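Engineer: Give the three-dimensional model of this entry:
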Amino acid sequence: MFVRNDMRIILILTGLLYSTFLCGQVLNKQTSEKQVIQLSGIVISGGDSIQPLHYVNIGVKNTARGTSTTFEGFFSLPVYQTDTIVFSTVGYQKAILTLPQNLTTSKYSIIQTMQKDTIRLPETVIYPWPSPAAFKRAFIELDIPDDDITIARKNLERESLRELGTLLPVDGKEAASAYLRNESKKFTYMGQTPPNNLINPFAWIQFFKMLKEGKLKLEK
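Structural biologist: You can find the predicted model right below:
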């Protein structure tokens, strides 16, 4: 009975050792097939204007491994020799990279170019009304303004101009012109009494003449 137990233990240990040997062979074979490559390089835009592309997404297909380019367009990513690398970013077409199978070194550098992609979005019409019923009501109640000529005539009426003249302040050019005119009058009559047209007979004669000819009209 003891001999049978010993033989059973020996058979179990032999099976375990053989299984461990086979697993080691499979792992060594997979490791040799999947050689780790340090992939690095720069991503640039193709076409006439060549410039580095920053923040490009770089991922290994069907895996969660990846990275992104720096502001200067550089990147570095450890990959297996059998991996497929995908480059993607907004506004450019996706680029696919497959590493050569005859690599003899553990480092591989590339210059990856990406072509611009034209994105055509469907037409979107934005209305300021929340519903067709609100649009219909707003259209019916719409107050259509007058034409340009009518608006111009209203703006040039004496009442409108008088109101604007009393409410609106003078601008810099008008204030400077009035100041210079006043200063000019001061220098003209400097050292003497300024003339007063109320006692000027020639001014009164001119006034009555213009009044008789109808050139002076009182504003209503």
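
Engineer: From now on I want contacts and neighbour counts done on CA atoms only, so please keep to that.
Structural biologist: OK.

Engineer: where exactly do the helices run in this structure?
Structural biologist: 2-33, 132-140, 148-155, 158-167, 172-188, 201-212 (DSSP state H).

Engineer: the bottom helix or strand of this protein by mean pLDDT?
Structural biologist: Within the chain, judged by mean pLDDT, DSSP states H and E, the helix or strand with the poorest mean is helix 2-33; its value is a mean of 50.

Engineer: where in this protein is pLDDT low?
Structural biologist: The chain contains residues with pLDDT under 70 at 1-33, 217-220.

Engineer: Burial check on the closest residue to Ile96 other than its chain neighbours, number of neighbours?
Structural biologist: Of all residues not flanking Ile96 in the chain, Val86 sits nearest, at 4.8 Å (CA to CA, 6 or more residues apart in numbering). Residues near Val86, counting by other CA atoms under 10 Å, number 16.

Engineer: cool, Pro52 as well?
Structural biologist: Quick note: Pro52 (other CA under 10 Å) scores 20 neighbours.

Engineer: try Gly59
Structural biologist: 20.

Engineer: rewinding a little: for the residue nearest to Ile96, name its beta-bridge partners.
Structural biologist: Under DSSP bridges, the beta-bridge partners of Val86 are Gly59, Ile96.

Engineer: what's the longest strand in the chain?
Structural biologist: Determined from DSSP state E, the single longest strand within the chain is strand 36-45.

Engineer: Show me what it is packed up against.
Structural biologist: With contacts taken as 3 or more CA pairs under 8 Å, 6 or more residues apart in numbering; DSSP states H and E, strand 36-45 sits against strand 74-80, strand 107-114.

Engineer: What is the distance between the shortest one and the centre of its chain?
Structural biologist: Pointing back at strand 74-80 there. Between the centre of strand 74-80 and the centre of its chain there are 31 Å (CA atoms, centre = their mean, to the nearest Å).

Engineer: Give the pairing partners of it; include direction for each.
Structural biologist: In the sheet, strand 74-80 lines up with strand 36-45 (antiparallel) (DSSP bridges).

Engineer: The strand it pairs with: which residues count as buried?
Structural biologist: Val36, Ile37, Gln38, Leu39, Ser40, Gly41, Ile42, Val43, Ile44, Ser45 (16 or more other CA atoms under 10 Å).

Engineer: same deal with stretch 104-124?
Structural biologist: Buried residues in stretch 104-124, counting neighbours by 16+ other CA under 10 Å, are found at Tyr108, Gln112, Thr113, Met114.

Engineer: State the distance from the residue nearest to Leu161 when sequence neighbours are not counted to Glu163.
Structural biologist: Distance criterion CA to CA, 6+ apart; nearest residue to Leu161, sequence neighbours excluded, is Asn155 at 7.2 Å. Distance of Asn155 to Glu163, computed by CA to CA, to the nearest Å: 11 Å.

Engineer: now do Tyr189
Structural biologist: Distance from Tyr189 to Glu163, by CA to CA: 35 Å.

Engineer: Equivalent analysis for Asp171, please.
Structural biologist: Taking CA to CA, one finds Asp171 at 16 Å from Glu163.

Engineer: OK, contacts around the closest residue in space to Lys107 that isn't next to it in sequence?
Structural biologist: Take Lys107 and drop its neighbours on the chain: the residue closest to it by CA to CA, 6+ apart is Gln38, 4.7 Å away. Shown in contact with Gln38 (CA atoms under 8 Å, 6 or more residues apart in numbering): Ser76, Leu77, Pro78, Val79, Ser106, Lys107, Tyr108.
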